[in-house]
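Participant: A predicted structure for the sequence below; I have some questions about it.
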Amino acid sequence: MKGRDPRIIGLQEKLALLQKEANELKITIAEAQRTLSDRFAQIDMIIEELEILDANTVQVVITDHAIVRFLERVKGIDRKQVENEILTPEILRLINQLGGNGTYPGKDGFSVCMKNGVVKTIKINR
């Protein structure tokens, strides 16, 4: 009886080893897929919780009126004094000469912007 070809034996051993490794990898991949699915479920739960918390968060806005009252009543700022600092005699003279529409530069580094006799904003002179 003739002995088996060593090349065949070697290839069969290699085949058996590769099949064993492939099966182990299948198990590892299945475990990784379960772990990945678990992580995605955790991510979804956190996103849902964040959305609920964000929906329950009240967005607070402070009106300009409330800020003015705070400055007057809490910080003790005199509104009339501020008005006098904005509408200086020089600016009042310009308004009377040019009318109640436009931008009037002041000496203290700002300009008064008016429309229809109402001060709308203050701009810093550059």
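Facilitator: Thanks, I have the structure now.
Participant: any idea how this structure splits into domains?
Facilitator: Annotated domains of the chain cover 1-60, 79-124 [automatic domain parsing].
Participant: Need the winner for burial among those.
Facilitator: For those, average neighbour numbers computed from mean count of other CB atoms under 10 Å are highest in domain 79-124, which has a mean of 13. No exception for glycine: its C-beta is placed from N, CA and C like everyone else's.
Participant: Relative to the whole chain's centre, how far out is that domain?
Facilitator: Domain 79-124 has its C-alpha centroid displaced from the chain centroid by 37 Å (CA atoms, centre = their mean, to the nearest Å).
Participant: Just give me the residue right at the centre of the chain.
Facilitator: Residue closest to the average C-alpha location in the chain (CA atoms, centre = their mean): residue 54, at 12.9 Å.
Participant: now that one: how far from residue 99?
Facilitator: Counting by CB to CB, to the nearest Å, the gap from residue 54 to residue 99 is 50 Å.
Participant: helix or strand for the residue nearest to the centre of the chain, which one?
Facilitator: helix 6-55 (DSSP states H and E).
Participant: partner strands of the helix or strand encompassing residue 103, parallel or antiparallel?
Facilitator: For residue 103, the host element (DSSP H and E) is strand 102-105. The strands beside strand 102-105 in its sheet (DSSP bridges) come out as strand 110-115 (antiparallel).
Participant: Need the contact partners of the partner strand.
Facilitator: Under the contact criterion CB atoms under 8 Å, 6 or more residues apart in numbering, strand 110-115 has outside partners 86-87, 91, 95, 100-106, 119-125.
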